[in-house]
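> Prediction below, plus the sequence it came from.
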Amino acid sequence: MTPNAEKAMQEVIQKFQTGELSELIKIAAFEIPASWPSSKWSMGNKMLSYVQARTLNARGFHAWQEVNRHVRKGSHGIYIWAPRMVK
């Protein structure tokens, strides 16, 4: 596991342990603008995104370009950790 993924996983675990999860559920349950990709995400994915990125308006590079937003020089991306389900 990469260091960034490990850090994100530890943050999620910490939120569960400290009881901050109820606040995250409130945030993720609010009405999200339909133009945001996260409006179609599951509650679990919304919570993961908010815990790790502190926003629900998370998009990929090309999705940001579609809404006429551009990356500033020197900016860094975020990594959203999620479990991988394999049979």
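Sure thing, it's come through.
> Settle this for me: A58 is touching K46, isn't it.
No. In this structure, A58 is not within contact of K46 by C-beta atoms under 8 Å, at 9.6 Å. No exception for glycine: its C-beta is placed from N, CA and C like everyone else's.
> overlap in contacts of the two?
S38 (C-beta atoms under 8 Å, 6 or more residues apart in numbering).
> Which residue, other than its chain neighbours, is closest to P37?
The shortest distance from P37 to any non-neighbouring residue, by C-beta to C-beta, 6 or more residues apart in numbering, is to R59 (5.7 Å).
> Let me know the pLDDT of N68.
Predicted confidence (pLDDT) for N68: 92.
> How about P83?
66.
> residues touching W36, list them.
Contacts of W36 by C-beta under 8 Å, 6+ apart are L56, N57.
> measure it to V86 for me?
According to C-beta to C-beta, to the nearest Å, W36 and V86 sit 29 Å apart.
> Now do the contacts for S49.
S38, W41, T55, L56, A58, I80.
> Format the residues you listed as TSV; extra columns: neighbour count, pLDDT and distance to K15.
Converted to TSV, the contacts of S49 look like this (neighbours: other C-beta atoms under 10 Å; pLDDT from 0 to 100; distance: C-beta to C-beta, whole Å):
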residue	neighbour count	pLDDT	distance to K15
S38	19	76	18
W41	17	77	18
T55	13	78	15
L56	20	79	15
A58	22	80	17
I80	15	65	14
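> So which of those is the closest to Q10?
Set against Q10, the nearest of the contacts of S49 by C-beta to C-beta is I80 (14.2 Å).
> Show me which positions of the top helix by length along the chain end up buried.
As assigned by DSSP state H, the longest helix anywhere in the chain is helix 3-18. Judged by neighbour count (16 or more other C-beta atoms under 10 Å), helix 3-18 contains these buried residues: A8, M9, V12, K15.
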